[in-house]
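>>> Sequence first, then the predicted structure, then my questions.
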Amino acid sequence: MVKLWQRLFDRDDTRESTKSPGESPPLTDADYEFLFEQLLEGVAGGWQPDRILQFFEKLSDRGKPEQWVEWLGRFREKVLASPVPDRQLAARIMQLGDQTSAIPSIQQIGATAYEIGMQLSRPNQDDAQIWEYDGPDANSTVPEVKPISLDELLVLLQQDANLVAQMAQQLGIETTDPQVIIQTIIARQPATDEATAWFNRGNKQYNAGDLAAAIASWEKTCLIQPDYDEAWYNRGLALMNLEQYQEAIASLDRALAISDDKQEAWNNRGLALMNLGRFDEAIASYEKAIAIQPNFPDAWNNRGVTLANLQRFSEAIVSLDKAISLKPDLDAAWQMRGYVLSNLGLDSQAIASWDKVLEIKPDDGKVWQLRGVALFNLERYDEALTSFDRAIACQPNDEEAWLNRGMTLFKLSRPLEAIASWDKSLEIKPDYYLYWHNRGFALYDLSRYDEALSSFERAIELKPDNQNSWYNRGKTLFDLERYDEAIASFERVLELKPYFYLSWYSIGEVLFKLGRYSEAIESFDKALKLQSDLAESWYNRGQALEKLSRSEEAIASLDKAIEIEPDYYEAWEVRGHLLQSLDRRSEASASLDKAREIRLNRE
């Protein structure tokens with residue numbers, strides 16, 4: 001009835017601070033840059049225009065659009081001054097521009113950002129091979145820049161340690177090796193306009209739901225720029241959405257080979273592995289994500305889900321609790337926590353977890369249903385019925401909710417309503433055997449045997465190897481006095497499940513009814529060999545022995561029934577009559593008195 005929640009990562013890294021009432025100080029350039037980084041992270045993680053607008057609206061008067069545009073002008077000067085343009089930053093800024101183009105209130109912010117992104121991503125002529133050199137042998141009297149190739153730059157670096165130090169500082173690396181500097185420059189060459197265009201095209205196609213086209217666009221990007229890690233990552237995410245998990249893992253691995261510090265890539269790699277049933281590898285991936293970002297609630301949640309799949313429930317609870325401590329409104333973690341607790345037999349605690357989900361998502365029909373099942377297990381049938389009714393209100397076409405509602409009504413001794421509920425299940429899914437089986441069971445309880453038989457036979461037609469339907473068909477045929485057919489039905493059960501002791505017991509009942517007492521005793525003996533504490537088998541065996549005038553054996557058999565079930569008044573009564581026939585009057589009287597006492601207590 002329950003599937004493991006599987007969740008793709010949904011980024012929301014905006015940070016909010018709580019201040020006392022009063023005028024907030026204006027944003028500094030450092031504030032703007034910090035917030036801009038968070039905004040770009042959100043856009044890269046899938047923010048749509050309404051979420052971007054919400055980001056700016058939260059800033060209110062502290063960051064008006066015209067102030068953002070003014071700051072972006074200063075930011076442009078800073079990023080364009082870098083000796084090695086950041087093509088990832090360029091792609092993200094242009095993506096922001098695309099996403100805000102249709103939002104009037106922040107359209108100017110987006111347009112300015114897009115322009116910066118284009119300037120940042122646009123390489124100068126021969127930019128991949130030319131650097132500016134201002135070393136000690138430069139002619140200081142001539143104010144012009146001499147273009148040089150990377151090979152020429154390597155020669156100069158090998159000749160000038162000061163130049164090596166200067167370039168290493170500009171590149172943000174620690175090295176004195178000229179070869180390392182040249183390799184770093186090559187690795188950081190900006191993507192071409194064409195690669196960036198294909199990347200942005202893929203993003204638009206993905207957001208429009210055209211995953212196949214998006215994948216093709218990102219493959220173009222990677223063909224032009226093989227180290228474009230974001231394109232490999234996005235391709236992997238799209239393949240996951242198409243449930244092509246093996247290919248998704250390969251794509252995410254390419255992204256991580258380029259940049260292995262991306263917690264989102266490790267997290268989604270774990271999800272792909274989990275969907276392939278490679279749970280231990282999935283856990284290792286989640287733990288990589290957590291090592292990079294310990295406060296990553298989705299990775300903790302997914303780790304918990306995977307541990308639950310491995311039935312490592314105690315560890316799963318610890319992981320889910322960590323996710324909840326980081327993000328108390330993470331409904332997926334609360335839901336899985338309830339599932340794990342239910343599997344541990346802690347239904348009351350499971351219900352408390354699902355109640356938390358319903359505080360967050362009151363119209364989650366599946367959670368109402370899970371809650372109902374737990375209440376059913378606790379025999380709190382009225383509350384369970386209320387939960388199933390809420391589930392149906394949320395999802396009227398959920399056949400399982402109607403099925404479970406019917407089972408609850410049956411437990412509440414409301415069989416007609418139970419049948420009506422199962423009939424609703426059959427309207428939605430007419431070919432599911434369990435609905436027909438349960439319907440037959442309720443009709444049997446109402447002594448509507450012909451209708452019950454039809455339902456059981458329909459269940460068997462849909463699932464011929466279900467022994468329970470065959471068994472209940474046999475019981476119904478017995479009550480319809482179609483004894484030979486009943487025996488055939490019980491024998492079919494034994495073909496499917498040789499150790500189904502109730503079938504041997506029921507065959508014994510039919511044979512007793514037909515007066516075939518010796519055969520009946522053999523059947524009861526076979527039932528008792530499989531289930532020795534079945535009081536009814538001992539009782540009926542005793543009656544069959546009585547019919548064969550084997551009174552002492554009959555009394556011994558009835559004694560076994562009474563030993564198992566001391567308040568079995570029918571056994572006391574038959575025993576008393578047998579003792580009377582043997583002229584054992586005091587024992588007979590005691591036995592009959594005991595039978596009367598039990599019957600009176602029941603009344």
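Now that the structure is in, tell me what you want to look at. This is a predicted model, so every value here is computed, not measured.

>>> what comes up buried for stretch 94-102?
Met94, Gln95, Leu96, Gly97, Asp98, Gln99, Thr100 (16 or more other C-beta atoms under 10 Å). (Glycine included, C-beta is placed from N, CA and C.)

>>> Show me those residues that map onto strands.
If you go by DSSP state E, these have nothing in strands.

>>> nearest to Ile290, of those residues?
Of all the buried residues of stretch 94-102, Gln95 has the smallest distance to Ile290: 27.1 Å, by C-beta to C-beta.

>>> still on that earlier bit, filter the buried residues of stretch 94-102 down to the ones in helices?
Here DSSP state H is the test, and the buried residues of stretch 94-102 give Met94, Gln95, Leu96, Gly97, Asp98, Gln99, Thr100 as lying in helices.

>>> Quick check: of the residues you listed, which lies closest to Ser455?
Gln99 (56.5 Å).

>>> before we move on, which element is Trp47 in?
Under the criterion DSSP states H and E, no helix or strand holds Trp47.

>>> pLDDT score for it?
At Trp47, the pLDDT value in this model is 79.

>>> residues contacting Lys497?
Counting by C-beta atoms under 8 Å, 6 or more residues apart in numbering, Lys497 touches Gln467.

>>> Quick check, pLDDT for it.
Lys497 carries a pLDDT value of 93.

>>> ditto for Ile130
22.

>>> cool, and Lys58?
pLDDT for Lys58: 73.

>>> And the ones in helices among the buried residues of stretch 94-102, which two are furthest apart?
Maximum pairwise distance in these, criterion C-beta to C-beta, is 11.1 Å, between Met94 and Thr100.

>>> which residues of the stretch 451-600 of the chain fall in helices?
Here the stretch 451-600 of the chain has its helices, by DSSP state H, counting those that start in this stretch, at 467-479, 483-496, 501-513, 517-530, 535-547, 551-564, 569-581, 585-602.

>>> okay, those helices in TSV with distance to Met167 and mean neighbour count next?
Formatted as TSV, those follow (distance: least, C-beta to C-beta, whole Å; neighbours: other C-beta atoms under 10 Å):
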stretch	distance to Met167	mean neighbour count
helix 467-479	78	23
helix 483-496	79	18
helix 501-513	85	22
helix 517-530	84	19
helix 535-547	92	23
helix 551-564	91	19
helix 569-581	99	20
helix 585-602	97	14
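
>>> can you list those in CSV and add distance to Val164?
Supplementary listing: these in CSV, determined by distance: least, C-beta to C-beta, whole Å:
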stretch, distance to Val164
helix 467-479, 81
helix 483-496, 81
helix 501-513, 86
helix 517-530, 86
helix 535-547, 94
helix 551-564, 92
helix 569-581, 101
helix 585-602, 99
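
>>> Can you check which of those gets nearest to Leu375?
Proximity to Leu375 (C-beta to C-beta) singles out helix 467-479 among the helices of the stretch 451-600 of the chain, at 24.3 Å.

>>> by contact count, what packs against the closest one?
Here helix 467-479 touches helix 433-445, helix 449-462, helix 483-496, helix 501-513, going by 3 or more C-beta pairs under 8 Å, 6 or more residues apart in numbering; DSSP states H and E.

>>> Residues touching that helix, excluding its own?
By C-beta under 8 Å, 6+ apart, helix 467-479 touches 433, 437, 440-441, 444, 447, 449, 452-453, 456-457, 459-460, 463, 483, 485-490, 492-493, 496-497, 500, 502-503, 506, 509-510, 513.

>>> how much space between Ser503 and Tyr471?
Going from Ser503 to Tyr471 by C-beta to C-beta, to the nearest Å gives 6 Å.
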